[in-house]
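Novice: show me the folded form of this:
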Amino acid sequence: MLRITLTKGLVGKRDDQKKVVRALGLGKFNSSVVHADSPTIRGMCNKVHHLVTVVEENDAEKKDGAAKATKAKSAK
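Specialist: Purely as a prediction, here's the structure:
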């Protein structure tokens, strides 16, 4: 999984870059989305690499974190 965050504004950028950012599901500055890692998504991120930050996420870590949070709530 890839977490993609819009780290630069779109003012003054080319239309094709704006369309790619919108197609990724990013709207406002600092908005984030999670996408499955695929060549299509990687290519889109490569096209706007100067506008976004991409971080790889591990599904197992997210599930463990959610399980720990659930256990903490139920213990109270």
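
Novice: residues in contact with residue 4?
Specialist: When the contact criterion is CB atoms under 8 Å, 6 or more residues apart in numbering, the partners of residue 4 are 24, 26, 32, 33, 34, 35, 41, 45, 52, 53, 54. From N, CA and C alone the C-beta is placed, and that goes for glycine too.

Novice: what's residue 44 sitting at in phi/psi?
Specialist: phi -60, psi -40 (degrees, to the nearest 10).

Novice: list the contacts of it.
Specialist: Going by CB under 8 Å, 6+ apart, residue 44 touches 20, 23, 24.

Novice: any idea how far it is from residue 17?
Specialist: 10 Å (CB to CB, to the nearest Å).

Novice: so where is the protein shaky, pLDDT-wise?
Specialist: Applying pLDDT under 70 to the chain flags residues 60-76.

Novice: do you have the helices of it handy? List them.
Specialist: Counting by DSSP state H, the segments of the chain that form helices are 15-23, 39-47, 59-75.

Novice: the first one - contacts with which helices or strands?
Specialist: So the one you mean is helix 15-23. On a contact count with 3 or more CB pairs under 8 Å, 6 or more residues apart in numbering; DSSP states H and E, helix 15-23 meets helix 39-47.

Novice: show me what counts as buried in the helix it packs on.
Specialist: By 16 or more other CB atoms under 10 Å, the buried positions in helix 39-47 come out as 41, 44, 45, 47.

Novice: and of the residues you listed, the nearest to residue 11?
Specialist: For the buried residues of helix 39-47, the residue nearest residue 11 by CB to CB is residue 47; the value is 18.1 Å.

Novice: next up, the contacts around the nearest residue to that closest one once chain neighbours are set aside.
Specialist: Counting by CB to CB, 6 or more residues apart in numbering, residue 20 is the residue found nearest to residue 47 once chain neighbours are left out, at 5.3 Å. By CB under 8 Å, 6+ apart, the contact set of residue 20 is 44, 47, 48.
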